[in-house]
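1. Make a model of this:
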Amino acid sequence: MQNMRLSALPLILILLFSISFTLDAQEINESGNLYQLLDDGRDIVVQGDFAYIANWEGGVRIFDVSDPADPLQVGIWIPEHKIYRLDVQDEFVYAVGQDGLVILNVSIPAVPHFLSRLIFAGLPDDVEVSGDYAYVTVDNDGLYVVDISDPATPEQVGNLTELGNTHRIHIQGNLAFITLLYEEQIAVVDLSTPWAPTLEAFYEVEFYASDISVDQNLAIDVTLRGNISFRDISDFGDVNQLGFLVFPPFDPHSMDIDRERNIAVTADGYFGIQFISYDDPANPQLLADIDTNLDRFQGVDVKPELAYFCTAGSPSEPFYEAGQLTYDYTDPENPLLVGAYRSYGRLIDIELRDNIAFLLDEKVGLRSVDISDPGMLTELDSIRISGRAWDFQIHEGYAWVGMQPPMGDPYIQVVDISNPENMELLGSIPIPTTPTYMSYDNGFLAVARRDAGVMLFNVRNPIQPVLSDSYETQSEAEVVLLAGELLYTVDESNGL
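-> Numbering: from 1, shown residues only. Model prediction:
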């Protein structure tokens with residue numbers, strides 16, 4: 001009997017994966033742009049007509065911003081792991097994250113392709129490219145110098161480990177200015193000999209800095225305490241704070257500056273964006289403070305009169321949307337939003353029926369999309385939610401959508417999808433504890449529960465579902481599969 005059970009395991013696992021992962025939401029035809037979604041933009045670099053965004057678990061996204069009023073995503077590269085930051089030089093993107101330093105060829109922006117990778121002892125945090133070298137800050141391991149004269153074969157040629165927990169890097173001339181996580185210091189590194197970087201100086205800041213920019217003898221840093229400071233760095237032995245602003249709540253993630261007009265622009269997480277004049281560094285002036293209440297600003301790249309931002313969504317806070325926003329700051333006291341590409345939310349599952357795609361959006365709910373023309377995807381309807389969607393199942397003209405509201409117990413929505421242009425909510429099934437997964441077969445709906453159990457509903461009459469049975473597992477039920485008269489479960493501690 002034991003041998004029979006073991007021999008059935010591969011088949012069961014094949015069934016699980018074939019049903020669960022037939023088509024990932026990110027695999028929707030990229031020739032249509034409605035659902036090429038950002039979910040967590042962390043960094044942005046604009047070069048020419050294109051914006052390149054480091055999108056955390058969503059890889060590298062490329063936008064055509066030749067018309068700032070109509071940003072259009074044209075390319076995407078999805079890695080195995082998270083991407084934190086990036087830089088762009090010529091036809092190459094240099095991205096750092098959990099895969100180390102990854103180099104992409106973007107000579108055709110719509111078709112970015114992997115070129116090479118370099119792994120470090122620790123996790124890289126930031127990268128800046130200068131000439132034939134990429135300078136990478138590595139968590140708890142200092143600064144690494146990589147020869148990229150041939151991007152297909154990057155080679156580590158130098159490092160400086162005595163810096164500690166390095167974070168962001170900014171290069172001016174032959175000097176690198178590096179912020180240090182959890183240290184109230186900025187490190188200055190001499191790059192005159194790139195393969196042998198040397199420590200020039202440390203200088204003190206009031207709190208650890210999240211980003212830094214340099215304009216000749218003026219260093220500008222933002223700290224997680226809500227300060228933006230302007231410092232005279234003409235003498236590293238005697239760095240003086242000339243002026244500062246404090247305007248909490250303030251959670252700056254990144255900053256860039258317009259050196260021609262002496263304007264600093266911050267991307268301030270949950271609290272919007274700020275435009276700050278430093279015509280007089282001893283008396284900086286806040287020109288504009290914008291909070292859209294929709295966007296969690298993470299990255300900024302400033303060009304003459306245009307500031308490009310990337311924003312992050314938040315699974316736990318559905319009202320935050322991810323995307324790419326462009327502001328015209330010709331008048332820095334009244335910056336104007338001139339272009340926006342916002343995703344509705346975060347796609348987590350998809351089911352195809354003929355020429356209709358039914359999408360489960362974690363923050364929006366159930367969406368129906370006409371995919372008959374892959375180059376022109378058209379949204380037909382949506383069943384909006386308050387809270388978070390976690391799974392769905394579809395059979396013939398009905399859908400069962402798992403929901404977790406902000407307050408109260410979870411439930412399953414019963415939706416009539418027979419007319420994708422006018423989907424109708426029929427009712428709901430209460431679930432006493434947080435569910436994790438659903439499976440439908442032959443008129444029954446099985447629901448895996450986080451508190452160690454499975455519930456089985458008879459849904460042959462979709463409008464009047466009936467609890468048919470329940471089953472306790474030894475730990476949290478992760479996955480459930482109905483197949484004929486058999487129900488398979490995978491629980492957290494004991495497997496199948």
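2. got any ranges where the stretch 301-450 of the chain has weak pLDDT?
-> When residues are selected by pLDDT under 70, those of the stretch 301-450 of the chain lie in 313-322, 342-347, 363, 374-377, 385-387.
3. how does it look with 90?
-> Where the stretch 301-450 of the chain drops to pLDDT under 90, the residues are 310-325, 339-392, 395-396, 400-413, 427-443, 445-450.
4. now the strands for the stretch 201-350 of the chain?
-> Applying DSSP state E, counting those that start in this stretch to the stretch 201-350 of the chain gives strands spanning 209-215, 218-223, 227-232, 240-246, 254-258, 263-267, 273-277, 285-290, 296-303, 306-312, 323-328, 336-342, 347-353.
5. Just send those back as JSON lines, with mean neighbour count and distance to Q98 too.
-> Where C-beta positions appear, they are placed from N, C-alpha and C, glycine not excepted. Converted to JSON lines, those look like this (neighbours: other C-beta atoms under 10 Å; distance: least, C-beta to C-beta, whole Å):
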{"stretch": "strand 209-215", "mean neighbour count": "22", "distance to Q98": "20"}
{"stretch": "strand 218-223", "mean neighbour count": "25", "distance to Q98": "25"}
{"stretch": "strand 227-232", "mean neighbour count": "21", "distance to Q98": "30"}
{"stretch": "strand 240-246", "mean neighbour count": "15", "distance to Q98": "34"}
{"stretch": "strand 254-258", "mean neighbour count": "23", "distance to Q98": "20"}
{"stretch": "strand 263-267", "mean neighbour count": "26", "distance to Q98": "22"}
{"stretch": "strand 273-277", "mean neighbour count": "23", "distance to Q98": "28"}
{"stretch": "strand 285-290", "mean neighbour count": "16", "distance to Q98": "32"}
{"stretch": "strand 296-303", "mean neighbour count": "23", "distance to Q98": "17"}
{"stretch": "strand 306-312", "mean neighbour count": "26", "distance to Q98": "17"}
{"stretch": "strand 323-328", "mean neighbour count": "24", "distance to Q98": "23"}
{"stretch": "strand 336-342", "mean neighbour count": "17", "distance to Q98": "26"}
{"stretch": "strand 347-353", "mean neighbour count": "18", "distance to Q98": "21"}
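6. Which residue, other than its chain neighbours, is closest to I119?
-> In space, and not counting its chain neighbours, I119 is closest to G100: 4.1 Å by C-beta to C-beta, 6 or more residues apart in numbering.
7. Return the residues in contact with that neighbour.
-> R117, L118, I119, F120, P124 (C-beta atoms under 8 Å, 6 or more residues apart in numbering).
8. can you pick the most crowded of these?
-> Highest neighbour count within those: P124, with 26 neighbours (other C-beta atoms under 10 Å).
9. Give me the pLDDT for it.
-> What the model reports as pLDDT for P124 is 95.
10. go on, I103?
-> On the pLDDT scale, I103 is placed at 97.
11. How about P248?
-> Listed pLDDT for P248 reads 62.
12. Please apply the same query to the one 4 residues further on.
-> In the predicted model, P252 carries a pLDDT score of 74.
13. Apart from its neighbours in sequence, what residue is nearest it?
-> Excluding the flanking residues, the one nearest P252 by C-beta to C-beta, 6+ apart is V222, at 3.9 Å.
14. Does the one you found touch A267 like I think?
-> No: counting by C-beta atoms under 8 Å, V222 stays clear of A267, with 9.5 Å between them.
15. Can you pull the residues that touch both of those two?
-> Residues touching both V222 and A267 (C-beta under 8 Å, 6+ apart) are P252, M255.
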